[in-house]
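In: Quick one, what's the 3D model for this:
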Amino acid sequence: MLDARFVKADGSAGMNPLSHGLLPKFGSANVQQGATMLGLSSGTARGPAMPGYQSPGGADMGTDCNPPIPDMDTNACPGVTSGDPHDAAALELMIRVPTNAKSIKFNLNFYTYEFPVYICSTYNDFFVTLMTPKPAGSTDGNISFDQNGDPISVNNSMLQVCQAQNAGGKNFACPLGTGLLQGTGFEGHAATGWLQTSTSVEPGSTIKLRFAIWDAGDHVLDSTVLVDNFTFSVEPATGTVTEPIPNPK
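Out: Numbers count the residues shown, from 1 in each chain. Predicted coordinates for the structure are as follows:
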């Protein structure tokens, strides 16, 4: 690790300190590796029993920033323009890759209060992982995306933890049920469940990663992401992929 700092989604200073935390657990979601996991939130990165917690239904963190990626619209919602970023939270890391490492991977779990009311609206919350230098074939450097290449958000089919329903004209099967929402403040809303992002890196190179989350179009109805179990591998990744973990802890 060469450098680490908390910033807003566009890399500028000034994020609200309540929007990040090291969490021993988050409701019914357990740490994937070690003793704690990173929480980033467009509200407070806290569980309901923790000091500083505010409901994700209305926590206004009072910050704004520029868009961290050039195109925030999604293939899932043609013709819908997402609002400007607010209440952004990000961790930016500068890392020297070990000389025998050929890929990185980490786990993430995205929770959003925007579901189910604001599917395919201007009020869309996003999570991205921006990598510099950009992986081969990437236009914006984001390495955490769904099967359509869109950032993780309320609008895509990565939302697997919820009550099965039709919302915003889309069918959400919610195969993981609602268990991972319990004790989080997101009961009645949705999460992705644990996903894993992986991508190749150049052995011995220096990379910058920015894990970033933000509200779009408003300062309330927040989203939170958990990030954990960052590892290097001596095996190269098969492209850049974010996919569900078969058997998370």
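
In: and stretch 75-82, how far apart are its ends?
Out: 12 Å (Cα to Cα, to the nearest Å).

In: Residues touching that stretch, excluding its own?
Out: Stretch 75-82 has contacts (Cβ atoms under 8 Å, 6 or more residues apart in numbering) with 72-74, 119-122, 124, 126, 146, 148-150, 155-157, 168, 170, 216-217. C-beta coordinates here come from the backbone N, C-alpha and C atoms, glycine included.

In: Which among these count as buried?
Out: 72, 74, 119-121, 124, 126, 146, 150, 155-156, 168, 170, 216-217 (16 or more other Cβ atoms under 10 Å).

In: okay, among these, which ones form the most distant pair?
Out: Asp146 and Gly217 (20.0 Å; Cβ to Cβ).

In: Pairing partners for the lowest-mean-pLDDT helix or strand in the chain, with directions?
Out: In the chain, no helix or strand scores lower on mean pLDDT, DSSP states H and E than strand 170-172, which sits at a mean of 90. On the basis of DSSP bridges, the sheet neighbours of strand 170-172 come out as strand 165-167 (antiparallel).

In: any idea of the mean pLDDT in the strand it pairs with?
Out: Taken as a whole, strand 165-167 has a mean pLDDT of 93.

In: how close does Leu93 get to Thr139?
Out: For Leu93, the distance to Thr139 (Cβ to Cβ, to the nearest Å) stands at 22 Å.

In: sorry, that was for Leu38
Out: Leu38 is 26 Å from Thr139, by Cβ to Cβ.

In: OK, contacts around the residue lying closest to Asp222 once chain neighbours are set aside?
Out: Once flanking residues are discounted, Asp222 sits nearest to Gly43: 3.1 Å by Cβ to Cβ, 6 or more residues apart in numbering. Going by Cβ under 8 Å, 6+ apart, Gly43 touches 19, 54-56, 59, 61, 87, 222-224.

In: Switch these over to a markdown table; also include pLDDT, neighbour count and distance to Lys25.
Out: What follows is the contacts of Gly43, written out as a markdown table (pLDDT from 0 to 100; neighbours: other Cβ atoms under 10 Å; distance: Cβ to Cβ, whole Å):
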| residue | pLDDT | neighbour count | distance to Lys25 |
| --- | --- | --- | --- |
| Ser19 | 98 | 27 | 19 |
| Gln54 | 96 | 17 | 19 |
| Ser55 | 97 | 14 | 19 |
| Pro56 | 96 | 26 | 17 |
| Ala59 | 93 | 26 | 20 |
| Met61 | 95 | 24 | 23 |
| Asp87 | 97 | 29 | 23 |
| Asp222 | 97 | 33 | 19 |
| Ser223 | 97 | 32 | 18 |
| Thr224 | 98 | 31 | 13 |
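
In: That's all I had, so thanks and see you.
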